[in-house]
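K.L.:
next one to model:
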Amino acid sequence: MGIARDLLAQAHHLAEYGGENPTQAALRRSVSTAYHALFHLLVADAARLCLSGDASPEARPGVERAFQHGSMKIASLKFSGPVWQDWHGLVRPMPPALRRVAAAFAELQEERHTADYNNHEQWRSIEVQTLLSMTGGAFQDWESIRADPMAGNYLLAMLLPRQRC
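P.N.:
Numbering: from 1, shown residues only. The predicted structure follows:
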């Protein structure tokens, strides 16, 4: 979780930069960095899950680079609901912690797009702090659910653009 935790700490630092009156640039970068923190948390675990201990050193970054933000959002929207139709067409209940992680990922990606590309949006510290709190909660939820087989399904669904039954 090294880079992911570092990015989350950086997002907090950016949100607090400037004290009571942070700049729009600092707030925007904080939102973007929070999203990337969760992105890297999930991608690192996915690479770990996909690779055996005897994989080449080049394999890990190769797996990590295979993830696409759009596919990850689509999978996150599917996993943020109460159930998921699995690889064989069976309906599986979704653990609440995983639902929250998936919902946070999808929302943070939307907010990151706004922060990075909508210069007319004016960010307020309270909005950014709310997103940072949600990101921290997603980190905690992920820690509690990451060993669950449904978490593995979530990571795999984010890597595979289409699910086939």
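
K.L.:
which elements pack onto the lowest-mean-pLDDT helix or strand in the chain?
P.N.:
Scoring the helices and strands of the chain by mean pLDDT, DSSP states H and E places helix 59-66 at the bottom, with a mean of 76. For helix 59-66, the elements it packs on are helix 24-50, judged by 3 or more CB pairs under 8 Å, 6 or more residues apart in numbering; DSSP states H and E. Bear in mind the C-beta positions are built from the backbone N, C-alpha and C, glycine included.

K.L.:
what is the mean pLDDT for stretch 142-156?
P.N.:
Summarised as a single mean, pLDDT over stretch 142-156 is 95.

K.L.:
for this protein, what spans make up the strands?
P.N.:
According to DSSP state E, the chain carries its strands in the segments 83-85, 91-93.

K.L.:
contacts for the least confident helix or strand of the chain, please.
P.N.:
The contact list for helix 59-66, computed with CB atoms under 8 Å, 6 or more residues apart in numbering, reads 43-44, 46-47, 50-51, 159.

K.L.:
need those residues in CSV (columns: distance to residue 133).
P.N.:
Output for the contacts of helix 59-66, formatted as CSV (distance: CB to CB, whole Å):
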residue, distance to residue 133
43, 22
44, 22
46, 25
47, 27
50, 31
51, 32
159, 28
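
K.L.:
mark which of these are buried, thanks.
P.N.:
43-44, 46-47, 50, 159 (16 or more other CB atoms under 10 Å).

K.L.:
and residue 37, what does it touch?
P.N.:
Counted by CB under 8 Å, 6+ apart, residue 37 has contacts 4-5, 7-8, 10-11, 135, 139.

K.L.:
go again using 10 Å as the cut-off
P.N.:
For residue 37, the contact set (CB atoms under 10 Å, 6 or more residues apart in numbering) comprises 1, 3-12, 108, 132, 135-136, 138-139.

K.L.:
so which of the residues you listed are in helices?
P.N.:
3-12, 108, 132, 135-136, 138-139 (DSSP state H).

K.L.:
just the buried subset of the residues you listed, please.
P.N.:
The buried subset of the ones in helices among the contacts of residue 37 - by 16+ other CB under 10 Å - is 4, 7-8, 10-12, 108, 132, 135-136, 138-139.
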